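A.B. asks: I need the structure of the sequence given here:
(2 chains)
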Amino acid sequence: MHHILIVEDSPTMRSLVVSALEDIGLPVRISEASSGFEALRELPRGDYDLIVTDINMPDINGLELISFVRRNAAYRSIPLLIISTEGSERDRERGLELGADAYLVKPFDPAALRRTAKELLEKARGE
Amino acid sequence: MAARRTQKPARNRATREFVSEVEEILERMRADLSDLADARAGGRLDPELANRLFRSAHSLKGIAGMFGFEGVSDLAHHMEDILDGLRMGRLPPGAPALALLDEVVEVVAGLLGSGEGELAAGALAQVQALIERIVASLASEAPPAADDDLDGIDASILRALTEYEEHRLRESLRAGRAIHLVEASFEILSFEEGLSELTGSVRALGEVLSTLPAPGDSPDSQIRFSLLVATECDAAELGSRIDLPNAMVRAMRASRATPTQPGSAAPAASAPTELLRDASPGESPRADGGSEIESLKSISETVRVDIRKLDELMNLVGELVIQRGAIGSLADRLLADPATARAGLELSKLHKSLERRLTDLQAGVLEVRMVPLRQVFEKLSRVVRRLRRDLGKDVRLDIRGGDTELDKLIVEQLADPLMHVVRNAFDHAIEPAADRASAGKPAEGSIRLEALQRGNHVVIEVADDGRGIDPEAVRQRAHTLGLIEQDAVLSRKEVLDLIFAPGLSTTTEVTETSGRGVGMDVVRENVTALGGIVHVDSQPGRGTTVVFTLPITLAIIRALTVGVADQRFAIPLTTVLETMLVDPVAIQRSEGREFLTLRGEPLPLRRLHAEFGLPSPPAGARVAVVVVGLGDLRLGLVVDHLEGQQDAVIKPIQGPVRSVRGIAGATELGDLGTVLVLDVASLVEDAAKRREAA
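C.D. replies: Modelled structure (predicted):
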């Protein structure tokens, strides 16, 4: 069972990410967080295999979340996927510099999301 | 959010959520946009507000794109561009940008309402036009601000700043603020409470640029937050004022006493950022959260209403008032008959309480319709400013009494007549500077516009210090037009009054000689239609004053009903000063005119029988006199008998009766049927003219 955390403040977008990842072809369990703070509280509760996060959010932004995850020994190795809207190229690049593994641009293609997520999950398992 | 295992595709859930989320986003954007407009009007702009709007547009763009709403997504994308410009200080928060954003939000709302992503051709064209305007407005944006050095700020923090946060950091440095790091540790499962307390106290002293989480000393149970803060305080002061036991303050950059501009940034480039910055450097954007709350409140407590809806409401109230009158009459009839007196008494009590409540209702609706004259006055002020610029004529417009309130309908109808009179004063009455100098007048001409309430009327005066009206020129012109005989005996006031005669004032000849011009007959017609009167007074060489006297409201009036022969008339109670029964012997005659001596003063009389061609009462019969007044003018109307007071809703009448002088309209008076309402203004005016002539 792969445990995925989705961090996204838009309920609609969250639903779309959830529904795309449910059909990934691997056994998955999905948790959702609607803000960076919720993600911080959620992280210690589960043994996550993948984090999918937006960047532009209230309270803490996606970059601050990524920075936290990569500086924390317990979460450092969790693969991180950014999904953000086009136009925030600079922020997305910052995310990769901070240690995110991949990014997708909204509006995203569900098949592309599944492909990337599956890759990240399998790579993490393989290591 | 609880972890859950999902089995079913969530596509349907997403579709449902889509519409409600877009609606929510639009609602939030509307509120934020009006806050932004308020803040701009107050001379400051909370960058966080622009950032929140940016985030909303960003979310909208993302989800609309996912659902194939391409028009919405495109619009959101362009809104994002504008808002990004605003939050980054590249674009000044001017009224056009905000108006455009308002408009786009409404178009998006319309597109959402029009259904499954299908754009009607018209809407698509609208979208296209808006996008073009947005692109055009962005083309004029200022270049981005120059780079500053960010030495002394931890690299680990800088790395996690979004573009916007980094921009705020640079702005704060440019403004000379100190940058500190406030650090505190919390239990990971309950950090939000402590963190929000910390954030709240920091925000009272400055701006929180970034909130960076880090593992705590025991990473499993603790989390540490580093707040990047821009403030005027030094580190020690910030530490002592935060006053939270576990918080530590680390100075990263000291504040500079005088803010410096980056050398490479041109003044034009820095102007927008000036606008974005707080009005006073000592004030944090959130220090006066109270006024923000207040402005939010004022938005939610004010409602815009279509004036037609108020008219409908007014008509309904008017009909209720008339029905109340009928109930009152029925109660009186029941009371008069011993067999039904008991029921009559009950009905009479109900009628009384209905009357009280209706009076309140009526007053409430009337009050809602009242608007200050200021809007019209401001419009006139703009026109004068423009004329002064275009014609290069030095004229000052002084405005007083803009707070005076009138029914909205009257204010609207008054705009044109006032405009005519003010323009005439500007164009014709005020002399060229050279003429003024030789007449010993100040070079700057003056027009005074003043409104004041007098009882149930509002008096508006337009006074200029121009050349005044030459009575002889007016006389000549009137004679040429065949309005008066060559040897007609006219008072000064009557001569001046001729400028309101059709055709007289519209000619350039008189305009040039008299200083009065365009369409004063139209002005009088409009004012009379509103139940008002207009007068002119002038001193050659000294100036002219045009005086408008108007009722405060048109809608419902209390009227006195009177009987004349077999007819009934209603006289607006606002014009009635007193009533009396008079023995015919008390009526005096002089030069063919009747008058009454009232408290030592002669009161001219006018018999309504003669006025409307009705049979006179038998000689020697007692008559009733209704003393009416308008402004300083008084007149006694002779009628057969007084009937009583009624509420009346005046309806304009069509057809031949319409042109009968002295009749303002008709009203339904419950069981009395349709009754003609007297136009007291014109009756009083006619009487005054006759007196002047005498």
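
A.B. asks: contacts, neighbours, all on C-alpha from now
C.D. replies: Noted.

A.B. asks: Next, the contact list for A:Asp101, please.
C.D. replies: By Cα atoms under 8 Å, 6 or more residues apart in numbering or on different chains, the residues touching A:Asp101 are A:79-81.

A.B. asks: Format those residues as JSON lines; extra columns: distance to chain B.
C.D. replies: Formatted as JSON lines, those follow (distance: Cα to the nearest Cα, whole Å):
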{"residue": "A:Pro79", "distance to chain B": "18"}
{"residue": "A:Leu80", "distance to chain B": "15"}
{"residue": "A:Leu81", "distance to chain B": "16"}
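
A.B. asks: three-state assignment of A:Arg114?
C.D. replies: With DSSP: H, G, I helix; E, B strand; the rest coil as the basis, the three-state label of A:Arg114 is helix.

A.B. asks: Next, the spatially closest residue to it that is not a sequence neighbour: secondary structure please.
C.D. replies: Sequence neighbours aside, A:Ile24 is the residue nearest to A:Arg114 in space, at 5.4 Å (criterion: Cα to Cα, 6 or more residues apart in numbering or on different chains). Put simply, A:Ile24 is coil when judged by three-state DSSP.

A.B. asks: returning to that earlier point: put together JSON lines for the contacts of A:Asp101, with distance to B:Ala326 on each row.
C.D. replies: Formatted as JSON lines, the contacts of A:Asp101 follow (distance: Cα to Cα, whole Å):
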{"residue": "A:Pro79", "distance to B:Ala326": "83"}
{"residue": "A:Leu80", "distance to B:Ala326": "80"}
{"residue": "A:Leu81", "distance to B:Ala326": "78"}
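
A.B. asks: Break chain B down into its domains, please.
C.D. replies: B:11-139, B:155-261, B:308-371, B:375-551, B:556-693 (automatic domain parsing).

A.B. asks: pLDDT (mean, whole number) over the longest one?
C.D. replies: With pLDDT averaged residue by residue, domain B:375-551 scores 83.

A.B. asks: Between the two ends of that domain, how far is it?
C.D. replies: 18 Å (Cα to Cα, to the nearest Å).

A.B. asks: Need the phi and psi values for B:Leu361.
C.D. replies: Per-residue torsions, B:Leu361: phi -60, psi -50 (degrees, to the nearest 10).

A.B. asks: Quick check: closest non-adjacent residue to it.
C.D. replies: B:Leu361 sits nearest to B:Val317 (Cα to Cα, 6+ apart), 7.7 Å away.

A.B. asks: what about the one you found, neighbour count?
C.D. replies: When counting by other Cα atoms under 10 Å in any protein chain shown, one arrives at 20 neighbours for B:Val317.

A.B. asks: cool, and B:Ala236?
C.D. replies: There are 12 residues near B:Ala236, going by other Cα under 10 Å.

A.B. asks: Equivalent analysis for B:Ala473, please.
C.D. replies: For B:Ala473, the neighbour count with other Cα under 10 Å is 17.

A.B. asks: now the one helix or strand it maps to: how far from the chain's centre is it?
C.D. replies: Per DSSP states H and E, B:Ala473 falls inside helix B:471-480. Chain-centre distance of helix B:471-480: 42 Å, with Cα atoms, centre = their mean, to the nearest Å.

A.B. asks: May I have that helix as CSV, with CA atoms only?
C.D. replies: The C-alpha trace of helix B:471-480 is given here as CSV (Å, rounded to 0.1, in the frame of the first residue of the first chain):
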residue,chain,number,x,y,z
PRO,B,471,-33.9,95.6,-18.5
GLU,B,472,-34.1,97.9,-21.5
ALA,B,473,-32.5,95.4,-23.9
VAL,B,474,-35.0,92.7,-22.6
ARG,B,475,-37.9,95.1,-23.1
GLN,B,476,-36.9,95.9,-26.7
ARG,B,477,-36.4,92.3,-27.5
ALA,B,478,-39.8,91.3,-26.0
HIS,B,479,-41.5,94.0,-28.0
THR,B,480,-39.8,92.9,-31.2
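
A.B. asks: What distance do you get for the residue nearest to B:Leu361 to B:Ala109?
C.D. replies: B:Val317 sits 35 Å away from B:Ala109, going by Cα to Cα.

A.B. asks: hang on, B:Val638 in a helix?
C.D. replies: No: according to three-state DSSP, B:Val638 belongs to no helix; its state is strand.

A.B. asks: so what does the one helix or strand the residue nearest to B:Leu361 maps to touch, helix or strand wise?
C.D. replies: In the assignment (DSSP H and E), B:Val317 maps to helix B:307-336. Counting contacts by 3 or more Cα pairs under 8 Å, 6 or more residues apart in numbering or on different chains; DSSP states H and E, helix B:307-336 packs against helix B:341-369, strand B:641-649.

A.B. asks: Return the most buried member of those.
C.D. replies: Of all the helices and strands packed on helix B:307-336, strand B:641-649 has the most neighbours on average by mean count of other Cα atoms under 10 Å in any protein chain shown, namely a mean of 19.

A.B. asks: following that one, which helix or strand shows up next?
C.D. replies: Next element after strand B:641-649 (DSSP H and E): strand B:663-668.

A.B. asks: All good on my end, thank you.
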